[in-house]
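Engineer: Need the 3D shape of this:
(chains A and B, ligands or ions: 2)
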Amino acid sequence: MIKRIPLAWLNLTHDRRRFATSLAGVGFAVLLMFMFNGFMNALYDSQLQLLNRFNGEVIIVNRLRTNMFVPRAFARRRLYQARAFEGVQDAYAMYISEVNWKNPENRKSRVVRVIAINPDEPVLNIPEIETHRQALKLPETALMDTKSRVEVGPVEAGVISELADRYIRLVGTFTIGTDFASGNGNLLMSDQNFLRYFADRGPEEDKRSFATVDVGVVKLAPGTNVERMVKTLQEHLPNDVLVMARDGENGFVIRERKYWQENTNIGFVFSLLTSMGFFVGIILVYQILYTDVADHWAEYATLKAMGYKNGYLLGVVMQEAFILSVLGFIPGVLVSQLLYTAAGNATGLFFQMTLERIINLLVATFIMCLVSGAIAVRKVQTTDPADVF
Amino acid sequence: MFKTQPQSTLDSSRDDLAVQIQHLNYFFGVGDLSKQVLFDISLELPKGQIVILTGPSGSGKTTLLTLAGALRRLQDGSLRVLGKELVGLGDRALVNVRRNIGFIFQAHNLFESLTASQNVEMAVELTGKFASKREQSVTMLSALGLADRVDYKPKSLSGGQKQRVAIARALVNHPKLILADEPTAALDKKSGRDVVTYLHNLSRQEGCTVLMVTHDNRILDVADRIINLVDGRLESDSTPNDFVQHKTQEALTEVSADMFIM
Ligand SMILES: Nc1ncnc2c1ncn2[C@@H]1O[C@H](COP(=O)(O)OP(=O)(O)O)[C@@H](O)[C@H]1O
Ligand SMILES: [Mg+2]
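Structural biologist: Ligands and ions are numbered 1, 2, ... in the order given. Have a look, this model is predicted:
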């Protein structure tokens, strides 16, 4: 059996404290990459939290609503028209508006997003609507998002406060999370209550009625081809509305993500920060490997004098790089997970560590260590065994 | 046993010689900066001989050793080691020659992270004998009086013990040629003497040729032959007795006393 002395491992771990410091260094670089990458993804992913709850395969919006932030409604008639098509089971209306909510504790006003639906219709996949249906049908009641920012005050059933300067009572909570369009949090109420608050908010505000809708959620009959249905609806409905599938490459959810990716500097800024983490990592690992080679210069040169080829020493340095990347990644990912949870709680943003993202950053960490290894290896290659004499 | 070739000595190779050097010149640097350190060296080391190379500092001893050890490329003259001509060889071929040579340095150059045995096993692994490496290493360490230290790391060994581990590493593959550059310089008198005695006995036992650079006149008695190098030229080649007598006379008459540093 061929069992080589694991020189790379022994050299790395010989000095425990130095090894621990090295792993902490790599872990820190991994952490930096995870945090910046995490913030970037959280900002994007957060935009989709509400969209992912839409209970229908097809979404209808005003053609001018390029993203959820644009307050453009469309004629509710379009939903009736859509219902007439074969394969369409139902078409639900959703009303969205922003308005001031008064923090009941410090009386300060904060903008929140109000989402309104008919509580008898399954417009959103939010189980709490079902639970609190009867209460939602009472006048001046609403549910509040538990992930609303702390500025809105306590979020629990029984809280009494003011919405658009009118009395309101929370009858329960639900959980979505904040995004760019949600202000400080989300409030969910019945369409009837929506009219109470938004039908007439004074001369300067839009007057809302049931004639216009912000988002139409179309439920298809089981087995209906979504793509074909989208096409049919788009062809037959007037051009003021845009019909899209909810999911898929050209779907509504992806469009929203793309909008924020393409129209903000988030991607640029956070990719830059992530790559900074990457380069910090390269420098750290290079430092570790270089120090190892420099400290053991005479020993490595002696190996060369004995007849070891450059390839062997190259292997040792690369193995060290590999060990550092794998073992440094583990603490990095664990601490990042903790910070994701903490950051998610603090901001209401949606921090998720998917397997794909973990693998991507593991590969990045690999590359990081390999690049450092490749630079450090030159030191070994130029080591001249004649110089040890 | 061998053919004598009176004329063209440059092509001659004799298999009773471990090292055969003919008209070797060596320069460091190139062009205007080039500096010659070895001048027309011709030297033959028969197999099994223990040879001490001495001379003032800067005279080229280490350079000669590294050349014989296939650690530097050579262009001029002829240098045969264990039957192989080194002049004109490339780096790759030189590495293969090195595997048949045992090197001992002034510093032990042991990996702190490896035990005594593992350090020696690093040499055995070069031969591919993975199954028996531990056994070979323990045998060699025992022969150097380190049977009870095989699993110690260098940190817990004395200077003399570390140098003995380095010798075990150099000898474990039974090389036919051993090159040692001031192996006792970093040791106190007693452990220096011990180390050389072990080296002497083992190489006699193994029948290998030793070329050792040293300034330590207390260990000259282990040599069969002493070569003195001055300013890159062979100055004298004699037996230890003659050498000591000659030097003593020189010292008395105060002719270049610095040639032999004690
Ligand atoms: N790598 C080198 N480059 C240039 N000159 C060198 C180098 N190594 C040694 N020399 C020079 O060669 C001469 C012989 O050196 P060396 O063989 O180390 O002598 P010794 O071992 O006898 O003290 C010295 O003058 C030294 O300065
Ligand atoms: Mg020297």
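Engineer: Is it correct that B:Leu65 falls within a helix?
Structural biologist: Yes: B:Leu65: assigned to a helix according to DSSP: H, G, I helix; E, B strand; the rest coil.
Engineer: mind listing the helices for chain B?
Structural biologist: Taking DSSP state H to define them, one finds helices in chain B at B:61-68, B:91-98, B:116-125, B:133-143, B:159-171, B:189-206, B:240-252.
Engineer: and the fourth one, is it in reach of chain A?
Structural biologist: Okay, so that is helix B:133-143. No: Helix B:133-143 lies out of reach of chain A by CB under 8 Å from any CB of the partner chain, never closer than 8.7 Å. All C-beta spots, glycine's among them, are computed from the backbone N, C-alpha and C.
Engineer: So what touches that helix?
Structural biologist: B:116-118, B:120-121, B:124-125, B:129, B:147, B:149-150, B:164-165, B:168, B:171-172, B:198, B:202 (CB atoms under 8 Å, 6 or more residues apart in numbering or on different chains).
Engineer: Return a selection command, for use in ChimeraX, containing the buried ones of the residues you listed.
Structural biologist: Restricted to buried positions by 16 or more other CB atoms under 10 Å in any protein chain shown, the ChimeraX selection for the contacts of helix B:133-143 reads:
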select /B:116,117,118,120,121,124,125,149,150,164,165,168,171,172,198,202
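Engineer: restrict the contacts of helix B:133-143 to contacts with chain A.
Structural biologist: Counting by CB under 8 Å from any CB, the members of the contacts of helix B:133-143 that reach chain A are B:118, B:121, B:125.
Engineer: so which helix or strand takes in the closest residue to A:Tyr312 other than its chain neighbours?
Structural biologist: Of all residues not flanking A:Tyr312 in the chain, A:Leu303 sits nearest, at 7.4 Å (CB to CB, 6 or more residues apart in numbering or on different chains). If you go by DSSP states H and E, A:Leu303 is part of helix A:297-306.
Engineer: if we can go back for a sec, what pLDDT does the model give the residue nearest to A:Tyr312?
Structural biologist: At A:Leu303, the pLDDT value in this model is 93.
Engineer: Please name the bridge partners of A:Asn186.
Structural biologist: Using DSSP bridges, the bridge partners assigned to A:Asn186 are A:Arg113.
Engineer: ok, now which ones touch it?
Structural biologist: Counting by CB under 8 Å, 6+ apart, A:Asn186 makes contact with A:50, A:112-115, A:144-145, A:148, A:176, A:178.
Engineer: Out of those, name the ones that lie in strands.
Structural biologist: Counting by DSSP state E, the contacts of A:Asn186 place A:112-115, A:144-145 in strands.
Engineer: tell me which of those is nearest to chain B?
Structural biologist: A:Asp145 (56.2 Å; CB to the nearest CB).
Engineer: just to revisit the earlier point, return the closest of the contacts of A:Asn186 with respect to A:Thr341.
Structural biologist: Distance to A:Thr341, by CB to CB, is smallest for A:Thr178 among the contacts of A:Asn186, at 16.0 Å.
Engineer: how close does that closest one get to ligand 1?
Structural biologist: Separation of A:Thr178 from ligand 1 (CB to the nearest ligand atom, to the nearest Å) stands at 68 Å.
Engineer: Hmm, A:Ala346 and that residue touching each other?
Structural biologist: No: in this structure, A:Thr178 is not within contact of A:Ala346 by CB atoms under 8 Å, at 11.1 Å.
Engineer: nearest residue to B:Val59 other than its sequence neighbours?
Structural biologist: Wrong residue type there; residue B:59 is Ser, not Val. B:Leu229 (4.7 Å).
Engineer: what bridges to that neighbour?
Structural biologist: Beta-bridge pairing for B:Leu229 (DSSP bridges): B:Leu234.
Engineer: need the contact list for it.
Structural biologist: Applying CB under 8 Å, 6+ apart, one finds that B:Leu229 lies in contact with B:53-55, B:59-61, B:64, B:235.
Engineer: swap the cut-off to 10 Å and go again
Structural biologist: Residues near B:Leu229 by CB atoms under 10 Å, 6 or more residues apart in numbering or on different chains: B:38, B:41, B:43, B:53-56, B:59-61, B:63-64, B:213, B:235-236, B:259.
Engineer: And for A:Glu235?
Structural biologist: Applying CB under 10 Å, 6+ apart, we find A:Glu235 in contact with A:Val243.
Engineer: next SSE after the helix or strand where it lies?
Structural biologist: Using DSSP H and E, A:Glu235 falls within helix A:226-236. Downstream of helix A:226-236, the next assigned helix or strand under DSSP H and E is strand A:241-245.
Engineer: sorry, back to before: state the distance from the residue nearest to B:Ser59 to B:Val195.
Structural biologist: Going from B:Leu229 to B:Val195 by CB to CB, to the nearest Å gives 23 Å.
Engineer: Name the residues of the stretch 151-300 of chain A found near chain B, please.
Structural biologist: By CB under 10 Å from any CB of the partner chain, the residues of the stretch 151-300 of chain A that approach chain B are A:295-300.
Engineer: Can you check which strand is longest in chain A?
Structural biologist: Longest strand in chain A by number of residues (criterion: DSSP E): strand A:88-102.
Engineer: Flag every buried residue along it.
Structural biologist: Quick answer for strand A:88-102 (16+ other CB under 10 Å): A:88, A:90-97, A:99, A:101-102.
Engineer: Next, the contact list for the residue nearest the centre of chain B, please.
Structural biologist: By CA atoms, centre = their mean, the mean C-alpha position of chain B lies nearest to B:Leu179, the distance being 1.7 Å. Neighbouring residues of B:Leu179 by CB under 10 Å, 6+ apart: A:305, A:389, B:19, B:53, B:64-66, B:68-71, B:81, B:98, B:101-105, B:170, B:209-213.
Engineer: Next: B:Arg80.
Structural biologist: Applying CB under 10 Å, 6+ apart, we find B:Arg80 in contact with B:12-15, B:17-22, B:44, B:68, B:86-87.
Engineer: Please flag which of those residues sit within strands.
Structural biologist: B:17-22, B:44.
Engineer: can you list these in CSV and add pLDDT, distance to A:Pro154 and neighbour count?
Structural biologist: Shown next, in CSV, are the ones in strands among the contacts of B:Arg80 (pLDDT from 0 to 100; distance: CB to CB, whole Å; neighbours: other CB atoms under 10 Å in any protein chain shown):
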residue, pLDDT, distance to A:Pro154, neighbour count
B:Leu17, 88, 97, 21
B:Ala18, 90, 92, 25
B:Val19, 92, 92, 22
B:Gln20, 93, 96, 23
B:Ile21, 93, 94, 22
B:Gln22, 92, 98, 18
B:Glu44, 92, 99, 15
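Engineer: Closest one of the residues you listed to ligand 1?
Structural biologist: Nearest to ligand 1 among these is B:Ile21, at 14.8 Å by CB to the nearest ligand atom.
Engineer: Domains in chain A, by residue range?
Structural biologist: Structural domains of chain A, as assigned by automatic domain parsing, span the residue ranges A:7-46+A:265-388, A:55-245.
Engineer: Could I get the ones you listed in CSV, plus columns for distance to B:Phe111?
Structural biologist: Output for these, formatted as CSV (distance: least, CB to CB, whole Å):
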stretch, distance to B:Phe111
domain A:7-46+A:265-388, 5
domain A:55-245, 54
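Engineer: Which of these has the lowest mean pLDDT?
Structural biologist: For the domains of chain A, mean pLDDT drops lowest on domain A:7-46+A:265-388, to a mean of 91.
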